[in-house]
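Engineer: Sequence first, then the predicted structure:
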Amino acid sequence: MSKVTYDFQIIDSNVSGISQVVAQNEDAFRYLVEEAHLTVFKDGSACLFEERVGDFISDAGWAHMACDYV
């Protein structure tokens with residue numbers, strides 16, 4: 001049995017309508033900044049409107065990255 005590793009974890013934030021994207025490795029962090037052009041906070045996470053989560057997951061998939069949507 002192989003273990004799945006994810007590049008991103010997407011979780012609810014404490015703000016309604018906003019999800020938090022957390023990079024799980026250096027390549028994922030670089031993707032957030034250079035490809036997705038998201039503003040990254042000091043803790044390495046980025047905010048994403050919930051209606052954009054599906055697009056983000058799809059775009060990350062095209063970049064051969066996997067998301068864990070919690």
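Structural biologist: Perfect, I can see it now.
Engineer: need the longest helix for this protein.
Structural biologist: The residue-count maximum for a helix in the chain (DSSP state H) belongs to helix 53-62.
Engineer: ok, then the element right after it?
Structural biologist: Counting by DSSP states H and E, the next helix or strand C-terminal to helix 53-62 is strand 67-69.
Engineer: Would you tell me what helix or strand the residue nearest the centre of the chain is located in?
Structural biologist: For the chain, the residue nearest the mean C-alpha position is V21 (3.7 Å; C-alpha atoms, centre = their mean). Using DSSP H and E, V21 sits within strand 18-23.
Engineer: what residues are up against the residue nearest to the centre of the chain?
Structural biologist: Neighbour list for V21: F8, Q9, I10, L32, L38, S45, A46, C47, L48, F56 [criterion: C-beta atoms under 8 Å, 6 or more residues apart in numbering]. Bear in mind the C-beta positions are built from the backbone N, C-alpha and C, glycine included.
Engineer: how near is the last one to Q20?
Structural biologist: Think F56. Distance of F56 to Q20, given as C-beta to C-beta, to the nearest Å: 12 Å.
Engineer: So between the two, which is more surrounded?
Structural biologist: F56 (21 against 18; other C-beta atoms under 10 Å).
Engineer: contacting residues for the more buried one?
Structural biologist: Going by C-beta under 8 Å, 6+ apart, the list of residues near F56 reads I10, V21, A36, L48, C67.
Engineer: out of these, which is most surrounded?
Structural biologist: V21 (25 neighbours).
Engineer: Just give the closest residue to it, not the sequence neighbours.
Structural biologist: A46 (4.8 Å; C-beta to C-beta, 6 or more residues apart in numbering).
Engineer: Figure out how far the helix or strand hosting that neighbour is from the centre of its chain.
Structural biologist: For A46, the host element (DSSP H and E) is strand 45-49. Remark: strand 45-49 is offset 8 Å from the chain centroid, using C-alpha atoms, centre = their mean, to the nearest Å.
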